[in-house]
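Chemist: Fold the following for me, if possible:
(one chain, ligands or ions: 1)
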Amino acid sequence: MRKPLIAGNWKMNGSAELIETFGRTFAGVELPSPVDVVVHPPFPYLDAARSAFAGTPLSLGAQTLNPLHSGARTGEVSGQMLAEFGVEYVLAGHSERRQLYHESDEQVYERVIAALTVGIRPILCVGETLEERDAGQSENVVLRQVGYVMARLEPGQRRMMTIAYEPVWAIGTGRTATPEQAQQMMAAIRDYQASFDPALADALRLLYGGSMNASNAQELLAQGDIDGGLIGGASLKVDDFKAICQSAG
Ligand SMILES: O=C(CO)COP(=O)(O)O
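Modeler: Residues are numbered from 1 along each chain as shown. Modelled structure (predicted):
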């Protein structure tokens with residue numbers, strides 16, 4: 001049985017006050033069955049989040065890292081620094097970083113390795129654009145992004161990975177993939193994984209992301225190959241995020 005994971009990606013949003021609200025609210029939350037929950041706030045809030053989330057089911061996540069341990073990289077943050085802070089998960093390959101900051105598959109791979117080296121669990125984000133979907137290329141694009149990273153990792157490293165399928169056309173648009181579309185892609189990712197590491201394919205956690213909210217989470221999470229969600233907008237509303245975590249149970 002795969003344990004569900006609900007991850008909240010705050011992107012460049014949130015406030016110290018919202019961190020406190022999450023800490024207070026989740027301190028009293030009983031989740032219906034084992035489920036992992038992680039919040040990825042912007043870097044300046046990690047310290048406050050570490051205190052506010054203590055004693056709650058919330059783990060600490062980061063949104064990116066630099067592949068180097070240290071050095072002349074103005075504005076960047078390394079995996080070692082994040083690990084020192086108690087960060088357990090980090091996103092790699094989010095489409096906003098691929099598109100706005102031109103992160104290539106190779107750079108995504110370097111970030112994944114950097115995270116694994118310091119014991120942080122990467123959440124590898126993959127997904128096709130609307131043009132790619134319309135051209136019938138969705139599966140090729142997604143499996144290329146998955147394969148570029150997964151096929152190069154050692155078996156032990158692969159076991160630290162989570163993959164989030166986030167169709168770019170569903171992110172922040174209110175246009176969710178249908179449960180069938182999401183399930184179809186998840187099954188393709190799992191089949192692909194099985195082609196070179198069958199034992200892992202069963203254990204690999206696959207998340208859906210893209211306009212997931214308190215109303216549609218249950219239906220998406222009910223799909224056989226969807227093991228959780230990567231939530232953007234709805235992860236900034238504590239009651240909605242709590243409801244999604246409860247649906248995962
Ligand atoms: O990009 C996302 C999470 O990483 C999804 O964002 P939305 O839930 O706002 O569509």
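
Chemist: How many neighbouring residues does the residue of the chain found nearest the ligand have?
Modeler: Closest residue of the chain to the ligand, Cβ to the nearest ligand atom: residue 232 (2.2 Å). Just so you know, the C-beta spots here come from the backbone N, C-alpha and C atoms, and that holds for glycine as well. Residues lying near residue 232 (other Cβ atoms under 10 Å) number 22.

Chemist: wait, is residue 61 part of a helix?
Modeler: No: Residue 61 sits outside any helix when classified using DSSP: H, G, I helix; E, B strand; the rest coil, being strand.

Chemist: Thought residue 37 was touching it, still the case?
Modeler: No: between residue 61 and residue 37 there is no contact under Cβ atoms under 8 Å: 9.8 Å.

Chemist: joint contacts of the two?
Modeler: residue 7 (Cβ atoms under 8 Å, 6 or more residues apart in numbering).

Chemist: Do a quick rundown of the strands in this structure.
Modeler: For the chain, the strands defined by DSSP state E occupy 5-9, 36-40, 58-62, 89-92, 121-126, 162-165, 205-209, 228-231.

Chemist: Neighbouring strands - and their directions - for the third one?
Modeler: In the sheet containing strand 58-62, the strands it pairs with under DSSP bridges are strand 36-40 (parallel), strand 89-92 (parallel).

Chemist: what's next to the last one, contact-wise?
Modeler: By Cβ under 8 Å, 6+ apart, the list of residues contacting strand 89-92 from outside reads 7, 9, 38, 40, 59-65, 79, 82, 108, 111-112, 115, 120-125, 149, 162, 164, 230.

Chemist: Centre of the chain to stretch 162-179, how far?
Modeler: Computed by Cα atoms, centre = their mean, to the nearest Å, the chain-centroid distance of stretch 162-179 equals 12 Å.

Chemist: need the contact list for the residue nearest to residue 46 when sequence neighbours are not counted.
Modeler: Excluding its sequence neighbours, the residue lying closest to residue 46 (Cβ to Cβ, 6 or more residues apart in numbering) is residue 85, at 5.4 Å. Residue 85 makes contacts with 46-47, 50, 60, as judged by Cβ under 8 Å, 6+ apart.

Chemist: among those, which are in helices?
Modeler: 46-47, 50 (DSSP state H).

Chemist: For these, which PyMOL command selects only the ones that are buried?
Modeler: Filtering the ones in helices among the contacts of residue 85 down to the buried ones (16 or more other Cβ atoms under 10 Å) takes a single PyMOL command:
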select buried, resi 46
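
Chemist: The ones in helices among the contacts of residue 85 into CSV, with extra columns for pLDDT?
Modeler: As requested, these are exported to CSV (pLDDT from 0 to 100):
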residue, pLDDT
46, 97
47, 96
50, 97
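
Chemist: and this structure, which residues reach the ligand?
Modeler: 9, 94, 166, 171-172, 209-212, 230-234 (Cβ under 6 Å from any ligand atom).

Chemist: residue with max distance from the center of this structure?
Modeler: In the chain, the residue that sits farthest from the middle, by Cα atoms, centre = their mean, is residue 72; the gap is 28.1 Å.
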